[in-house]
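>>> my questions are about this predicted structure, shown below with the sequence.
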Amino acid sequence: MHGSPRELLRAMFDAAVAAAAPALRIPEFLPAPPKGRTIVIGAGKASAAMAKAVEDHWDGPLEGLVVTRYGHGVPCSRIEIIEAAHPVPDARGRDAARRILNMVQGLTEDDLVLALISGGGSALLSLPAPPLAFEDKQEVNRALLASGASIDEMNCVRKHFSAIKGGRLAAAAWPARVLTLLISDVPGDDPSTIASGPTVADATTYAQARAILRKYGIEEPKAVIEHLERAVDETPKPGDPRLARAETVMIATPQMSLEAAARVAVEAGLKPLILGDAIEGEAREVGRVMAGIARQVALHGQPAEPPCVLISGGETTVTLRGKGRGGRNVEYLLSLAVALDGLPAIWAIAGDTDGVDGAEEVAGAIVTPDSLARAAALGINAKEALAENDGHRFFGALGDQVVTGPTLTNVNDFRAILIQED
């Protein structure tokens, strides 16, 4: 085995991240250079790394602009890289989005637009539809983030007060060929959801966007409400002729990363069970459920005999009620540890594959059979830490944080529970 349970779990996490690395995934999907110009555009946490991979493997002239999250930039020589704010948009993201939209206009059918899109692109590619002000868009984004709206609901609204999302970017590039390379961070890998689908037809409507704001009681700013009421410029729908030359290819998904981690487990002589690539819900509830499954394995050998590893992906949520800093992966792990209550021979890891769990520059953490006992020895009560949403402080005190720095990719969260023979 990889030396220790801790090392094995970290090797599985690293394999999950590596499987989604742009340098590994981009080259095989690049098309032949066109007769005309090649313009590279993009947005997302992985977009700069994707741009570098294109530059390294492209034979021919190249120009373009991509926008990524602060700290996620990669130096490129022919493609301009701009860093901007996420999850609440800022002026740098707005200006980059405007330049990208302008860049794809006036092209011919001999030209190619290569769009590099990954998770986080929605906030980074933020350009309000005229006559809305950027501050209006920021205000609605904040309200949606605080409302408990699902990612699908948020994206529906965003598309309908954007000049660039919901297929509008691809429509602007017509009649050029548009090839979008996608790294998925969303359950179900729906291309129209990733970064709010700037190059993908949008089946949602203004009426649906209005209904979502009503559902969550969002009534300000008035300019946004009035824009949605006017509904003058609907997003391009499936079958729109302006999107006839737009193609999307999914180059990395959560499932691919779970399978890469499973191969590491097999090489270590363990049976991997992939429980799902899109497990969602409140982080502490998911932790409690996963603890129940792990307990069944440890005590009854079902659904597999130890030694084995339970693997899952997806994106949980945290409802902040305490004074801690949140972080959905550390909250999940803390809940898991509390529910397992020191049950022997069970270890776990969870982390965000982009290297950032919530607002922290920490990917996640590792749980050991003695996590609660070691915390108690330091005077830290795990149940109290969970009640305060204080997972980052808990695992920081134990020295059990997983710190990678920005990984420059993003296929959502990775979770693994190792159950050894007791």
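Right, received. Where do you want to start?

>>> SS state for the spatially closest residue to Glu220 that is not a sequence neighbour?
Closest residue to Glu220 apart from its sequence neighbours, by Cβ to Cβ, 6 or more residues apart in numbering: Glu139 at 6.8 Å. In short, each C-beta sits where N, CA and C put it, glycine included. When classified by DSSP: H, G, I helix; E, B strand; the rest coil, Glu139 comes out as helix.

>>> the helices in the stretch 301-422 of the chain, which residues?
328-340, 371-377, 382-387, 391-398 (DSSP state H, counting those that start in this stretch).

>>> please identify the most buried of the ones you listed.
helix 328-340 (a mean of 27; mean count of other Cβ atoms under 10 Å).

>>> so where do the strands sit in the chain?
Taking DSSP state E to define them, one finds strands in the chain at 38-43, 63-69, 79-84, 112-118, 177-183, 246-252, 271-276, 281-282, 308-314, 316-317, 346-352, 364-367, 401-402, 413-419.

>>> what is the neighbour count of Asp56?
Asp56 sits with 12 neighbouring residues when counted by other Cβ atoms under 10 Å.

>>> model confidence for it, exactly?
Asp56 is assigned a predicted lDDT (pLDDT) of 96.

>>> quick one: low-confidence ranges for the protein?
1-2, 359-360 (pLDDT under 70).

>>> biggest helix in it by residues?
helix 283-300 (DSSP state H).

>>> mind listing what's buried along it?
Going by neighbour count (16 or more other Cβ atoms under 10 Å), the buried part of helix 283-300 is 283-284, 286-291, 293-295, 297-298.

>>> buried residues in stretch 302-309?
Ala304, Pro306, Pro307, Cys308, Val309.

>>> in TSV: the residues you listed, plus distance to Glu226.
Shown next, in TSV, are those (distance: Cβ to Cβ, whole Å):
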residue	distance to Glu226
Ala304	57
Pro306	61
Pro307	61
Cys308	57
Val309	53
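
>>> so which of these comes closest to Ala97?
Relative to Ala97, the closest of the buried residues of stretch 302-309 is Val309; by Cβ to Cβ it sits at 41.8 Å.

>>> tell me how far that closest one lies from Pro187.
Taking Cβ to Cβ, to the nearest Å as the measure, Val309 and Pro187 are separated by 22 Å.

>>> what does Ala16 give?
Taken as Cβ to Cβ, the span from Ala16 to Pro187 is 16 Å.

>>> over to Lys237?
23 Å.

>>> more neighbours: which of these two?
Comparing Lys237 with Pro187 by other Cβ under 10 Å, the one with more neighbours is Pro187, at 20 against 14.

>>> isn't the more buried one up against Gly314?
Yes - in this structure, Pro187 is within contact of Gly314 by Cβ atoms under 8 Å, at 5.9 Å.

>>> now list whatever residues contact both of those two.
Asp277, Ala278, Glu280 (Cβ atoms under 8 Å, 6 or more residues apart in numbering).

>>> specify which member of these is nearest to Arg230.
Glu280 (34.1 Å).

>>> roughly how far does that closest one sit from Ile417?
18 Å.

>>> kindly report the same for Ala96.
From Ala96 to Ile417 the distance is 40 Å (Cβ to Cβ).

>>> can you pull the contacts of Glu83?
Here Glu83 is in contact with Val67, Thr68, Arg69, Tyr70, Gly71, His72, Gly73, Arg92 (Cβ under 8 Å, 6+ apart).

>>> ditto for Ile346
Ala294, Ala298, Leu340, Val367, Pro369, Ile417, Leu418, Ile419, Gln420.

>>> look up how far Ala203 lies from it.
From Ile346 to Ala203 the distance is 44 Å (Cβ to Cβ).

>>> cool, and Ala172?
19 Å.

>>> neighbour-wise, which of the two wins?
Taking neighbours as other Cβ under 10 Å, Ala172 and Ala203 compare with Ala172 leading, 24 against 14.

>>> go ahead and confirm that one touches Gly106.
No - between Ala172 and Gly106 there is no contact under Cβ under 8 Å: 9.5 Å.

>>> look up how far Ala176 lies from Ser407.
Slight slip there: residue 407 is Thr, not Ser. Taken as Cβ to Cβ, the span from Thr407 to Ala176 is 32 Å.

>>> how about Gly148?
40 Å.

>>> the more surrounded of those two?
Ala176 (25 against 10).

>>> residues in contact with that one?
With Cβ under 8 Å, 6+ apart, Ala176 has these contacts: Gly36, Ile39, Val104, Leu107, Thr108, Glu109, Asp110, Asp111, Leu112, Val113, Arg245.

>>> same thing but at 6 Å, please
Applying Cβ atoms under 6 Å, 6 or more residues apart in numbering, we find Ala176 in contact with Leu107, Asp111, Val113.

>>> over to Arg94?
Here Arg94 is in contact with Ser126, Leu127, Phe134 (criterion: Cβ under 6 Å, 6+ apart).

>>> what is the nearest of these to Leu8?
Ser126 (40.9 Å).

>>> mind checking how far the closest residue to the closest one other than its chain neighbours is from Ala19?
Sequence neighbours aside, Pro89 is the residue nearest to Ser126 in space, at 3.5 Å (criterion: Cβ to Cβ, 6+ apart). To Ala19, Pro89 is 30 Å away according to Cβ to Cβ.

>>> swap in Ile349?
On the measure of Cβ to Cβ, Ile349 and Ala19 end up 16 Å apart.

>>> so for the two, which residue has more residues nearby?
More crowded of Ile349 and Ala19, by other Cβ under 10 Å: Ile349, with 29 against 23.

>>> wait, doesn't that one sit right on Leu9?
Yes - counting by Cβ atoms under 6 Å, Leu9 is a contact partner of Ile349 at 4.0 Å.
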